[in-house]
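> just need the structure, nothing else, for what follows:
(2 chains)
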Amino acid sequence: MNVDTIERDFREKVSEKLKLESEGINRYRVFTPFLFEDGDHLSVILKKEDGYWVLTDEGHTYMHLTYDLDEKALQQGTRQKIISNTLSMFSVQDRGGEILIPIQNEQYGNALYSYIQALLKITDISYLSRERVRSTFMEDFRAFMEETVPANRRDFDWHHQLHDPEGKYPVDCRINGMSRPVLVQALPNDDKTRDATITFLQYEKWGVPFRSLAIFEDQEEISRKVLARFSDICEKQFSSLGANKDRIKRFIQESMA
Amino acid sequence: MALTLSDNDINLLIDENKPLPADFMTKIQTRPKKGHKESELDVNGANGSEFRLIMRQSLFNPLDFSVILAYRPPKSSQLFRIRRYNGKSHEHTNFIEMETFYGYHIHMATERYQEIGAREDTYAQPTDRFADYQQAIKCMLDDCGFELPINPQGSLFEDI
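Next up, the predicted model:
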C-alpha cells in the first residue's frame, strides 16, 4: 500500500466529480457526487444576487422530500427540529423554501462544504419517513386531527373525568359536540391495539355513549388475533393514515354533522 | 414491510387502463407550497388498482419539476413510484449500471433496484421527449395507459 498513491486517488476521485457549468450570466450549475437515495444528485446553483455570490438549491431539496412526505410534515415535530438545527449548525438559510448559503470573504470551498453537509442532513429526513415511521406516526395523526376537526370540538389524550379520573383508559382524541362523541385511537402496534380494545370495552361497560374510530399506522403489521378482538368492538377502522386521509376526513365530517 | 413488485407486475400496472375524469385538468392545477407548486390526483385503474399522480415544480426554476405516477397498494400507506418524469435540474446516477448523466430523464421502477434495497424508481434514462413541465405530463399520460376524457374541461396542457 502506497499512501501517496491512495491520497492522490482520493483527490482525483473527489475533484473530478466536482464541476461548474455556466447557465447564463453570473449563474453556474455545481455538479457534485452527492446523492439522494434515489440516485438523483443534489441540485446546487452558484449565482450572484445583489452583488453577492450564493449557493442555492432553488427549492429542489424540499420539493424532492415532498415526493414521500406531506409538505406540512416538514414544518412540524421531529422533522422541523432536524431542519432548523441543521440550518443553524451550518449557517444555511431557508428563504421561502429555497435553501441557500451566502459566500463570505470569497470562501467558496468552505461554503460548498457547509452547504453540502446541510443538504445531506436535511435529505436524511426521508429515511425518518421510510424506516422510522413509528416515531412520527403519532405526530402525523395529531397534525391531521388538528387540520380536520375544529379546536373547540376535539380533546387530545382525553379520559372520562367521572369514571376514570386517573386516566387509566385514555383516548387519543375525542371529537365532541354530538350526542355520541367519536373516540379516536391512533394505533401503531399490537400493544396499543390491545389497550384500545380494553379502553373501548371499558367505556361500553360504563354505558358511556360513544362511537369508535381507529386509525392504524399499518394494519397489516397487527397480529391477527389482536386485530380480530379489536375488530369485534370497534365501529370504524382505517388501515393507515397516509393513504386514507380523504376517506377519514369524510367519515369524521359526516360524524360531526 | 415495504412492497416489492416484479418487472412483470410493474408493467401490468403501467398498462392498466386509467380513465381520467372530465375535470382532471382542473384537478391537477398546482398550488404554491414551500418553494414549489404541487398537485395530486387519485385515479382508479380499470382493474381496480389505485394510482396517484403527483406533480411538483420549483417556484424558482421552471426546469426543475417532477411528474410522478405512483401505485397505492391495497390496505397500505405506501406509495410505490412507478414512473417519474424529471426536469433538467440535477445529475442522476444509476448505481448498478455505473452511469451518470445530466438532463431531462425518466425514472422507472425496476425489480433489480428493489432487490438491492434501493428505492424502486432509482433507475432512470435520459430523454429528449420533453423539455418542459407540460410536455412531461403529456409524456406520462401517453406512456402509462391513461385514457383522456372525450370532452376535457379546460384546454389541454395549457396553464397547468
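
> mind listing the strands for the stretch 1-150 of chain A?
Counting by DSSP state E, counting those that start in this stretch, the stretch 1-150 of chain A forms strands over residues A:19-22, A:27-31, A:44-49, A:52-56, A:93-95, A:98-102, given from the N-terminal end onward.

> residues contacting residue B:73?
Taking C-beta atoms under 8 Å, 6 or more residues apart in numbering or on different chains as the criterion, residue B:73 is in contact with B:3, B:80. Using the backbone N, CA and C atoms, a C-beta is placed for each residue, glycine as well.

> what about whichever residue of the stretch 1-150 of chain A sits closest to chain B, how many residues close to it?
Across the stretch 1-150 of chain A, the shortest distance to chain B (C-beta to the nearest C-beta) belongs to residue A:97, at 2.0 Å. Burial of residue A:97 is recorded as 22 neighbouring residues (other C-beta atoms under 10 Å in any protein chain shown).

> re the thing from before, tell me which of the strands of the stretch 1-150 of chain A is the most buried.
Of all the strands of the stretch 1-150 of chain A, strand A:98-102 has the most neighbours on average by mean count of other C-beta atoms under 10 Å in any protein chain shown, namely a mean of 21.

> distance check, the residue of chain B found nearest chain A against residue A:20.
For chain B, the residue positioned closest to chain A under C-beta to the nearest C-beta is residue B:35, at a distance of 2.0 Å. Using C-beta to C-beta, to the nearest Å, one gets 23 Å for the distance from residue B:35 to residue A:20.

> follow-up on the earlier one: gap between the residue of the stretch 1-150 of chain A closest to chain B and residue A:56?
Here the distance between residue A:97 and residue A:56 works out to 11 Å (C-beta to C-beta).

> what sits up against stretch A:227-239?
Residues lying outside stretch A:227-239 but in contact with it, judged by C-beta under 8 Å, 6+ apart, are A:185, A:193-194, A:196-197, A:200-201, A:204, A:211-216, A:218-220, A:222, A:244, A:247-248, A:251, B:75-77.

> among those residues, which lie within strands?
Among these, the members falling in strands are A:185, A:211-216 (criterion: DSSP state E).

> hmm, which two among these are most spread apart?
Comparing every pair within the ones in strands among the contacts of stretch A:227-239 by C-beta to C-beta identifies A:211 and A:216 as the most remote, at 17.4 Å.

> neighbour count winner among those two?
Neighbours per residue, other C-beta under 10 Å: of residue A:211 and residue A:216, the larger number sits with residue A:216, 26 against 16.

> hang on, the earlier thing: mind listing what the nearest residue to the residue of chain B closest to chain A once chain neighbours are set aside touches?
Residue nearest to residue B:35 in three dimensions, not counting chain neighbours: residue A:97, with 2.0 Å by C-beta to C-beta, 6 or more residues apart in numbering or on different chains. With contacts defined as C-beta under 8 Å, 6+ apart, residue A:97 is in contact with A:59, A:62-63, B:33-36, B:59.

> and those, which of them are buried?
Of all those considered here, the ones buried according to neighbour count by 16 or more other C-beta atoms under 10 Å in any protein chain shown are A:59, A:62-63, B:33-36, B:59.

> ok, the residues you listed vs residue A:39, which is closest?
Using C-beta to C-beta as the measure, the one of those that approaches residue A:39 most closely is residue A:63, at 16.4 Å.

> dump the residue contacts of the nearest residue to the closest one once chain neighbours are set aside.
Of all residues beyond its chain neighbours, the one nearest residue A:63 is residue B:36 (4.1 Å), with distances taken as C-beta to C-beta, 6+ apart. When contacts are counted by C-beta under 8 Å, 6+ apart, residue B:36 is found next to A:59, A:62-63, A:66, A:97, B:56-59.

> again, but for residue A:105
Residues in contact with residue A:105, defined by C-beta under 8 Å, 6+ apart, are absent; none qualify.

> pretty sure residue B:2 sits against residue B:78.
Yes - distance between residue B:2 and residue B:78: 6.6 Å, which falls inside the contact criterion (C-beta atoms under 8 Å).

> output the lowest mean pLDDT helix or strand found in chain B.
The helix or strand of chain B with the lowest confidence, counting by mean pLDDT, DSSP states H and E, is helix B:24-27 at a mean of 86.
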